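Chemist: kindly generate the corresponding structure for this input.
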Amino acid sequence: MTDSADSIEEVLADEDKVAAHARANVVALLGELTERGCVEPWADLDEAYADDEWPGCLRFSFECPQGYEGDLVMPGVPLAVVKEAAADGRWALLHNDVSYGWADLVEELSGFDAARRTIWANRDLLVSELVRRGIPLQDADVDADPDASGDSWVTHTLAVNGQVVRVSVPDMAVGPGCSQEMYVDGHPYGWEAALEAICAAGAVDGG
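Modeler: Sure, this is the predicted structure:
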């Protein structure tokens, strides 16, 4: 252990020190996630609060990737101690009620963020191609449905000429020349076939 038990207990005896360490540790985590390519990871540093279930820690509202808000329990002990802690150790991080070691949480969140950015890029590519083919989609016509989504895709509803079309957009690249399928109203299609299915649902000549 990097810090002696005595120095840790000294920190724990002072609520202000616990709070200061917890906030500094969250700032360090946000910085590391940003370095790994995550887009604007966020935590509410001002509204963090002590949790009786996790003494020596603060609970923060936390968001990574963007739009996926949850909570993070961060130990209020020196950063070196937290980084060395195992997932089943006293000073593990708790993200959405799941325990992690520092490196494992960074790895999981940065991978999840990258996957979601691929989904958003796929969605934007799909919408731009549908617009090019004559479907006048506006922002209000495209909506994500988190309740119908999974770990590796996000289902979107598209308002196509008054018809609602459901498209499950994956976290693998789609587009011309890509083998990755998308699901349109529950049926799998390659890129071109998916476009044709969406146009057909809205009775649009997609040529």
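
Chemist: show the contacting residues for the spatially most central residue of the chain.
Modeler: Centroid-nearest residue in the chain, with C-alpha atoms, centre = their mean: Pro65, separated by 2.8 Å. With contact taken as C-beta atoms under 8 Å, 6 or more residues apart in numbering, Pro65 is in contact with 38-39, 41, 109, 112-113, 116-117. Any C-beta I mention is one placed from the backbone N, CA and C, and that applies to glycine too.

Chemist: okay, and which of the residues you listed map to helices?
Modeler: Counting by DSSP state H, the part of the contacts of Pro65 found in helices is 109, 112-113, 116-117.

Chemist: including neighbour count, distance to His21 and pLDDT, could the residues you listed go into a markdown table?
Modeler: Shown next, in a markdown table, are those (neighbours: other C-beta atoms under 10 Å; distance: C-beta to C-beta, whole Å; pLDDT from 0 to 100):
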| residue | neighbour count | distance to His21 | pLDDT |
| --- | --- | --- | --- |
| Leu109 | 23 | 21 | 97 |
| Phe112 | 16 | 26 | 94 |
| Asp113 | 21 | 25 | 95 |
| Arg116 | 19 | 30 | 93 |
| Arg117 | 16 | 31 | 94 |
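
Chemist: from those, pick the one nearest Asp51.
Modeler: The shortest approach to Asp51 among the ones in helices among the contacts of Pro65 belongs to Leu109, at 20.6 Å (C-beta to C-beta).

Chemist: what separates that closest one from Ser152, distance-wise?
Modeler: Per C-beta to C-beta, to the nearest Å, Leu109 is found 16 Å from Ser152.

Chemist: and the residue nearest to the centre of the chain, helix, strand or coil?
Modeler: coil (DSSP: H, G, I helix; E, B strand; the rest coil).

Chemist: can you check the pLDDT for it?
Modeler: For Pro65, the pLDDT comes out at 92.

Chemist: how many residues are close by the closest residue to Gly89 other than its chain neighbours?
Modeler: Spatial nearest neighbour of Gly89, chain neighbours left out: Gly101 (7.8 Å); criterion: C-beta to C-beta, 6 or more residues apart in numbering. By other C-beta atoms under 10 Å, 19 other residues sit near Gly101.

Chemist: isn't Gly101 right up against Val82?
Modeler: No. The pair Gly101 and Val82 does not pass the contact test of C-beta atoms under 8 Å, sitting 9.2 Å apart.

Chemist: which neighbours do the two share?
Modeler: Joint contacts of Gly101 and Val82 (C-beta under 8 Å, 6+ apart) are Leu93.

Chemist: ok now do the residue nearest to Gly89, which residues does it touch?
Modeler: Contacts of Gly101 by C-beta under 8 Å, 6+ apart are 85-87, 89, 92-93.
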